[in-house]
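Peer 1: missing the sequence, but the structure's below:
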């Protein structure tokens, strides 16, 4: 049936909200489309669905109802909203109460239960409508009611199904316990979306009137937040610390959004884990193994946790592992330092207090970094310039222009042995001055001479007849080179008795080096000789330089040499050929060094520059403007990465091999040219044109510094009767 309706304008300001409520919930009877009150467009529907009010209440079947009248009062049996045959008339608003009561009584004189339901519904609607009308800011208007064209009608078409259900629930006797005298939110029961001026924000209560808290707003935002939180919770379970999701990429602060339940669980779990004392619960072996991964700072902090932790951190195994892990790393050696080899790593013995050893090493490293806390002493005794030296933890061996080799005690600073030609050592002037005082003594910048000593003197048939220009020793042999053009090999274990002489050079032997197989010497005659260590036979003579070869080093099958011809060369022993040349110096070279692992070469000379080369590629890694005069001596400490230089400008300097930075500077510590300067983990020892040996000891005064030394060995020279 088609309804032809007309628009009727009625002045009904008091009943406007109620009429809006009724008309808003009138469903479309078309199965193909439903009219949208929000957009004014038809929305396709697969089936006819009654329109229900939007509400945030998740349990519509248990909504509360509220009436301002006593619900036992008799009401009209039914609420007349429209007639079934009212096709051509305008839908009616609520009639006057008197007329409704008369009509209800005539229809249902027996007061049936159904009538009570409807009377209660009417009472509810009137209370809500009047209350909303008072709170609404809408002025009195003329309301236009328009009956729309529909194609299909239901039997009860004038009232929406949802609105009808709301009215039935309001009339139910199964009210909330708060219906009598209690406060209930009417918005939980009926929501009128067509009242455009109804506030979308909470309205405070006025007098006895309760506040209005809208529950129909923010549904989309709430749903979005819930969905977002669920999504983040899923990501947190899969990847707790995913930077792509939980990091703002600017400040680096992790952002984690959790609901209250997850937060409480995380807090409880974190609290429970942080209170577990695993050191007390684990076996002692496991606790020691765990704590052994800590360094000194970590162990110090762990010792403050509790008495149990303190007791565990005092175990010697923990400190031994920490020391061997942190203090045996090197800059340019083929392998970590072996304990007991004399590089500040003592032998592993049952009685070692590794905590004290670690502390001593740590303090020693700090002194090197500061460069101020050290003791300096001078050893006096030589009669002329001291060209060469080598030292270890127990002794110093020097060679001088006075044709003697002297052996000094590192701990007492006393000279123990003088080796030289008979005409030198048999003269009393080698031991005493003109006043009869011993020539060998110790002096310091701030105090007079002390530690006087009278060493043993010895002369052998094999001896040098000129200046001692170079030397090197190990635990078995001592090899010296001289201006007389020869080298002599001494047996250390037999009291430095000479074994053989090496002769082939036609000029002074300026430098030498040896390993387990070979002895290499270089000379002013511009040649390099390679000797067999065991037999003393010359294996090869290497020629290629055009000037005096001033320095030579040996690493495995490779030899590095530098010359007055401005060049550094890398040789192969087996082939006797030059593998690589290093060019860049602008003047003659006086010294060079080869790192222990064969990776780096350092060279210096008359151009006052120190250059560091990559031995594998020939590239100059860095250049350092080092001194104000010729650089006479270089020494690479392959363990620490420190480079020591000595110059004719009387200065001694320390550089960092890795960066080229100058770490320490000791200006004018010698009265004249610095001819040789070397270092180990604890000291710098240097010699010069003035006949003094300078010792700068950074370990002096460090508690338990002696624990860093390797196991003391018997002095074989003393046992042989010469010292």
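Peer 2: Now that the structure is in, tell me what you want to look at. No experiment lies behind these values; they were computed from the predicted model shown.
Peer 1: shaky segments in the protein?
Peer 2: Within the chain, the stretches with pLDDT under 70 are 1-201, 213-217, 219-220, 236-274, 711-723.
Peer 1: okay, now the domains of it?
Peer 2: Residue ranges for the domains of the chain, per automatic domain parsing: 8-217, 278-369.
Peer 1: how about the helices in the stretch 201-350 of the chain?
Peer 2: Ranges of helices in the stretch 201-350 of the chain, per DSSP state H, counting those that start in this stretch, are 219-238, 243-246, 260-274, 278-281, 284-291, 296-303, 307-313, 316-326.
Peer 1: what residues sit buried inside the fourth one?
Peer 2: In other words, helix 278-281. residue 279 (16 or more other CB atoms under 10 Å). (C-beta placed from N, C-alpha, C; glycine too.)
Peer 1: output the contacting helices and strands for it.
Peer 2: In terms of contacts (3 or more CB pairs under 8 Å, 6 or more residues apart in numbering; DSSP states H and E), helix 278-281 is packed against helix 284-291, helix 307-313.
Peer 1: now with 7 Å?
Peer 2: helix 307-313 (3 or more CB pairs under 7 Å, 6 or more residues apart in numbering; DSSP states H and E).
Peer 1: contacts for the helix it packs on next, please.
Peer 2: Contacts to helix 307-313, defined as CB atoms under 7 Å, 6 or more residues apart in numbering, come from residues 279, 280, 287, 288, 291, 299, 302, 303.
Peer 1: please redo it, this time with the cut-off set to 10 Å
Peer 2: 277, 279-280, 282, 284, 287-288, 290-292, 294, 298-306, 318-319, 355 (CB atoms under 10 Å, 6 or more residues apart in numbering).
Peer 1: please list only the buried members of the residues you listed.
Peer 2: 279, 287, 288, 291, 292, 294, 299, 302, 303, 318, 319, 355.
Peer 1: got TSV for the residues you listed, with distance to residue 528 too?
Peer 2: Below are the buried ones among the contacts of helix 307-313 laid out as TSV (distance: CB to CB, whole Å):
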residue	distance to residue 528
279	61
287	58
288	54
291	54
292	49
294	50
299	51
302	56
303	57
318	50
319	47
355	49
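Peer 1: which residue packs closest to residue 204, ignoring adjacent ones?
Peer 2: Excluding the flanking residues, the one nearest residue 204 by CB to CB, 6 or more residues apart in numbering is residue 211, at 5.3 Å.
Peer 1: now the one you found, what are its backbone angles?
Peer 2: Main-chain dihedrals, residue 211, degrees, to the nearest 10: phi -70, psi 150.
Peer 1: distance of it from residue 576?
Peer 2: From residue 211 across to residue 576, the span is 105 Å (CB to CB, to the nearest Å).
Peer 1: of these two, which one has the most company?
Peer 2: Legend: neighbour count by other CB atoms under 10 Å for residue 211 and residue 576, higher for residue 576 (16 against 11).
Peer 1: my reading is that the more buried one lies in a strand. Confirm?
Peer 2: No - assigned with DSSP: H, G, I helix; E, B strand; the rest coil, residue 576 falls outside any strand and is coil.
Peer 1: so what's the residue found closest to it once you drop the neighbours it is linked to in the chain bridging to?
Peer 2: Nearest non-adjacent residue to residue 576, counting by CB to CB, 6+ apart: residue 540, 4.9 Å away. With DSSP bridges as the criterion, residue 540 is bridged to residue 530.
Peer 1: count the residues that sit near the residue nearest to residue 618 when sequence neighbours are not counted.
Peer 2: Among residues not flanking residue 618 along the chain, residue 580 sits closest, at 4.9 Å (CB to CB, 6+ apart). When counting by other CB under 10 Å, one arrives at 18 neighbours for residue 580.
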